[in-house]
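**Q** only geometry, no sequence info:
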């Protein structure tokens, strides 16, 4: 039984070609001669050998064209020129760099056009071409970086000697690991850090501040796709622990991508002819990897590898596209989505990064039947959807099943049949409509590709057409009943029973009825059409039913003279005519225009606008007219109709929609309408929203809103000027909040804020309503819920919704980026869908939409824990020196500081029992515990604030046991006694040093510290319940203070996360018999005296000890006594030296005076 791969695996690495015969022909498979390096371009595959030969193989047909020999040693590096494939650079083991011109276009002999001995005797580790000029950069093991200009016979003799052909650029601190060049910038990655060089201005920058130790690669990342086209490239630099820095083109680190936890998934199967694909679900441990090289690969991906696996990342979304186990990898060369791997034993493999559908398609073309069937079974999630039918039709899978042998692949055939049974038909007009029409109608195809259908009277098609019209009448009745469940059941019954509409009297449609079905498809094989008849007739009937409903809805929803030929429809129209009197409608609309013009003129008067009482009176006079004319009583019970019905309004009503809404809705073509219906008429989606609304209605204080229908479209056509004036007045009325107390509203019959928003949302300015929900009605969450319901309904017809529903986060984000410039309400609705689909993973990616989407928007949408992840990523996306000011700009209003501080202290934080004693005091060494959001906490407490805010923050830190922050705030508040008391209880001398701690400034403070250290002695053997294990609580000099150098929330450092339940290690917890001298990091009187002696001298320190009455009770150890004696000697010598210098200066001055 083959395992099934999860849905997150959408791509695979596949090996279709075997390069072993090529290596055998070149005799590179022997033990004497091996391939040492490789490079690839569009035309060439270049292989360097241990004998100094360079083989150039033409990729088309894998034919060897040239062999270039070198007597200067074996080939260690090779690189093809990216903009002129006639040039290739080679590095040898003796330090020689050679540039060859192949001259294939002129049928000449290859020649060396440039040679450099700049790196003689050194091992060259990297070669890199200039992207615009004939210039090669080289780096060696000693850290030297140089460039070599390549002359060209195309430019004439001596072209390489116009200027110095070889020049040293720089020498870095360690071996060069990788070079990269793009747009005038050279990227150098060494063993310790990355450097960026402007080769034109000869300027250098360091990328980031932190060093590293080991082979870590770096590369440029061009932004040439989608909305990022034209923007400066990015840099990606590998860091320890499966991390990658993302930096700007100027070298500023923007963010850190952590892939350690994301790699805690099983490896994707390698699709190869060499062995069967293997997938083990049990492999789920995280990976801490050093990425030795980084390569720009395929479509906006990063590729790296180790000796046992290949990794492909999508850094723009911070995700792992795939990782696959490939044994003994030494070097990889890439071109577009292809990669060539050189293995340690000398063999080569040619892999391709493909989607699963394309992989199966190529396997079928190569007639690899068993391997194709295995991939189909293992990647069922990619084969089953309808989109896969374009490349893998059902008949090809049936053919694949017939090619498998029953004797050898019996189990595989059974699993493949299960997959075929789950396949979805092609969701287009090609199979279902053509096959259905061809089965029951006679038709001919016009030159333009349109199918002209000729109905046969009395045939089965007439009966089905009659049943379709009957179904449309049933749909109208269901729209009045507002029952989505009943609608689904009756629709299914109507599709199976053509006579279900017999109780209604209908008019038989004419034979030339226009269905407006898109017929943009090419003729296909007859076998495909016959196969589609069985699978897609029901889909055709359902979609045709929806189209007939769409065509009839515009004429049935509005009054018109009854037609005696229409039975059931004439009855519906008569009811509508009695409800809507044209004369009254015109009078009401004129009253609304008059009242609106009066209101607009009055609010333009400064005396009215600046007087709240007059402004309130003006708006309250206008509101009753609005309620009477556009209130829900004219909605005819159709306020809750499906969005598809609302979209099929008359052209006049469509013109009254807001501009920002029209930009989000596709055109009213049949294809666009049909796509909108597929996304909007889902009973599960609408039913789920209704259930959610009903549950939320029980918690809403505004009872009237529970009966209000959400109206996002105008119930009647409105002139554009009137629409604009109504929007201005309605939004102003909602912002000012003239609704009063809910009890008074119910007595007077006045609607509340939530009911008003749901009733007149089609008149409101969406952006102003969004800000109003966050600032003015933050204490009424039902208002924001109604706003989000309205925006979700408005954006339901967008094509982005279809992408989001497919569950691909990367494609969804890409589609959202292509919607720029963004409308905040529209974008917020799409992000709400993304959050419901992907949770915290989606929230972390919302930082790219700042400042269109603010943290307040995410707070109202996401859980507290998810919001903290978003806020932390947003702050860390800025440069380190900008984070503090940026976080301060986000704190609007100022009260958010306390809220965010409380959230960061209560999520991913240590237990209070580990940091606080029963009486609320600090536990010993409890400040060494790791705080998940320590970086954010350190920024929050360091922000400038008033006295009251700092006092509140200090109390919050004390209650939650965040002692480093509490000490810092006590220092800011000049509560030095409390800070010193806390430091003595924590028992850490490093807290008495700057910048992380507080240094005593006067002798009184030193004396107070001495007394406190005697009151809170260090427990020689702390109990497990009261102190962390000293073996897990490192020396403070080695462990950074969490408030200043916090650990990432996703991977807290184990050394900073002590385990309180473990007993202390005897070797590190001194006992009187083993370690009579206390540790230098503990706050003891002896250590304090030594610290004081270094500051003011040993004599004054002993005097202070005597003044506090501790000298008689305390005896200094041998080490402390020795230190004090040395300090005395040093002090005497220093005084003598000062005296000597003063005397010499005095003699010199007297001599000058004389």
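**A** Thanks, I have the structure now. On a predicted model such as this, the values are computed, not experimentally measured, just so you know.

**Q** residues of stretch 818-837 that come out buried?
**A** Burial within stretch 818-837, assessed by neighbour count using 16 or more other C-beta atoms under 10 Å, is assigned to 819, 823-835, 837. Just so you know, the C-beta spots here come from the backbone N, C-alpha and C atoms, and that holds for glycine as well.

**Q** same thing with stretch 614-621?
**A** Neighbour counts over stretch 614-621 (16+ other C-beta under 10 Å) mark 615, 618, 619 as buried.

**Q** Reformat the residues you listed as TSV; add distance to residue 295 and pLDDT.
**A** Listed next are these as TSV, based on distance: C-beta to C-beta, whole Å; pLDDT from 0 to 100:
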residue	distance to residue 295	pLDDT
615	64	88
618	67	88
619	63	88
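
**Q** Mind checking which of these are in helices?
**A** 615, 618, 619 (DSSP state H).

**Q** just the buried residues of stretch 818-837 now: which is nearest residue 81?
**A** residue 819 (38.9 Å; C-beta to C-beta).

**Q** who's in contact with that closest one?
**A** Shown in contact with residue 819 (C-beta atoms under 8 Å, 6 or more residues apart in numbering): 800, 826, 827.

**Q** Then residue 115?
**A** Applying C-beta under 8 Å, 6+ apart to residue 115 gives the contacts 96, 97, 98, 99.

**Q** mind redoing it with 6 Å?
**A** Residues near residue 115 by C-beta atoms under 6 Å, 6 or more residues apart in numbering: residue 98.

**Q** same check, this time on residue 1010
**A** By C-beta under 6 Å, 6+ apart, the neighbours of residue 1010 are 1085, 1088, 1108.

**Q** at 8 Å what do you get?
**A** 1085, 1088, 1089, 1104, 1105, 1108, 1110.

**Q** what ranges of the stretch 701-850 of the chain fall below the confidence cut-off?
**A** Within the stretch 701-850 of the chain, the ranges that satisfy pLDDT under 70 run 701-707, 739-750.

**Q** In helices, which of the contacts of residue 819 fall?
**A** 800, 826, 827.

**Q** Kindly reformat these as CSV containing distance to residue 272.
**A** Below are these laid out as CSV (distance: C-beta to C-beta, whole Å):
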residue, distance to residue 272
800, 37
826, 46
827, 43
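
**Q** Closest one to residue 1005 out of the residues you listed, please.
**A** Out of the ones in helices among the contacts of residue 819, the member with the shortest distance to residue 1005 (by C-beta to C-beta) is residue 827, at 55.1 Å.

**Q** Check which helix or strand residue 78 maps to.
**A** Residue 78 belongs to strand 75-80 when assigned by DSSP states H and E.

**Q** can you list contacts of that strand?
**A** For strand 75-80, contacts defined as C-beta under 8 Å, 6+ apart pick out 36-41, 44, 46-50, 52-54, 87-93, 123-129, 136, 138.

**Q** redo that, cut-off 6 Å
**A** 36-37, 39, 41, 44, 46, 48, 54, 88-91, 93, 124, 127, 129.

**Q** Equivalent analysis for stretch 594-606, please.
**A** By C-beta under 6 Å, 6+ apart, stretch 594-606 touches 608, 609, 618, 622, 625, 725, 729.

**Q** still on that earlier bit, what's the mean pLDDT across the strand holding residue 78?
**A** Here strand 75-80 scores 95 as its mean pLDDT.

**Q** picking up where we left off before, just the buried residues from the contacts of stretch 594-606, in ChimeraX please.
**A** Buried members of those, defined by 16+ other C-beta under 10 Å, are picked up in ChimeraX with:
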select :608,618,622,625,725,729
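
**Q** mind putting the contacts of stretch 594-606 in JSON lines, distance to residue 791 and secondary structure included?
**A** What follows is the contacts of stretch 594-606, written out as JSON lines (distance: C-beta to C-beta, whole Å; DSSP: H, G, I helix; E, B strand; the rest coil):
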{"residue": "608", "distance to residue 791": "32", "secondary structure": "helix"}
{"residue": "609", "distance to residue 791": "30", "secondary structure": "helix"}
{"residue": "618", "distance to residue 791": "29", "secondary structure": "helix"}
{"residue": "622", "distance to residue 791": "26", "secondary structure": "helix"}
{"residue": "625", "distance to residue 791": "27", "secondary structure": "helix"}
{"residue": "725", "distance to residue 791": "23", "secondary structure": "helix"}
{"residue": "729", "distance to residue 791": "22", "secondary structure": "helix"}
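
**Q** next one: phi and psi at residue 137?
**A** Backbone dihedrals for residue 137, given as degrees, to the nearest 10, come out at phi -100, psi 140.

**Q** burial count for it?
**A** 26 (other C-beta atoms under 10 Å).

**Q** Would you mind measuring from residue 973 to residue 999?
**A** Separation of residue 973 from residue 999 (C-beta to C-beta, to the nearest Å): 16 Å.

**Q** I meant to write residue 357 there.
**A** Going from residue 357 to residue 999 by C-beta to C-beta gives 66 Å.

**Q** give me the low-pLDDT residue ranges for the stretch 301-450 of the chain?
**A** 427-450.

**Q** For residue 1093, report the pLDDT, please.
**A** So residue 1093 comes in at 75 (pLDDT).

**Q** helix or strand for it, which one?
**A** In this assignment (DSSP H and E), residue 1093 forms part of helix 1085-1096.

**Q** now the angle from the following helix or strand past that helix to helix 1085-1096?
**A** Going down the chain from helix 1085-1096, the next helix or strand is helix 1098-1107, by DSSP H and E. Using axes from the mean of the first three to the mean of the last three C-alpha atoms, to 10 degrees, the direction of helix 1098-1107 lies 140 degrees away from that of helix 1085-1096.

**Q** Just the mean pLDDT for helix 1098-1107, thanks.
**A** When pLDDT is averaged along helix 1098-1107, the result is 73.

**Q** so what does that helix touch, helix or strand wise?
**A** helix 1003-1015, helix 1085-1096, helix 1118-1153 (3 or more C-beta pairs under 6 Å, 6 or more residues apart in numbering; DSSP states H and E).

**Q** Quick one: name whatever helix or strand follows the helix or strand of the chain with the lowest mean pLDDT.
**A** One helix or strand of the chain scores below all others by mean pLDDT, DSSP states H and E: helix 568-579, with a mean of 35. Later in the chain than helix 568-579, the nearest helix or strand by DSSP H and E is helix 582-603.

**Q** Could you list the buried residues of that next one?
**A** 588, 589, 592, 593, 595, 596, 599, 600, 602, 603.

**Q** Over to stretch 195-206?
**A** For stretch 195-206, a neighbour-count test (16+ other C-beta under 10 Å) marks 195, 196, 197, 199 as buried.

**Q** helix/strand/coil for the second one?
**A** Three-state assignment for residue 196 (DSSP: H, G, I helix; E, B strand; the rest coil): strand.

**Q** What segments of the stretch 351-500 of the chain are strands?
**A** Secondary structure of the stretch 351-500 of the chain, counting by DSSP state E, counting those that start in this stretch: strands at 442-445, 451-454.

**Q** that older thread, can you lay out the buried residues of helix 582-603 as CSV showing pLDDT and distance to residue 366?
**A** Output for the buried residues of helix 582-603, formatted as CSV (pLDDT from 0 to 100; distance: C-beta to C-beta, whole Å):
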residue, pLDDT, distance to residue 366
588, 82, 72
589, 81, 70
592, 87, 71
593, 89, 72
595, 89, 75
596, 90, 71
599, 88, 74
600, 90, 72
602, 87, 78
603, 87, 74
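
**Q** from those, which is closest to residue 217?
**A** Closest to residue 217, out of all of the buried residues of helix 582-603 and judged by C-beta to C-beta, is residue 603, at 63.6 Å.

**Q** gap between the closest one and residue 619?
**A** Separation of residue 603 from residue 619 (C-beta to C-beta) stands at 8 Å.
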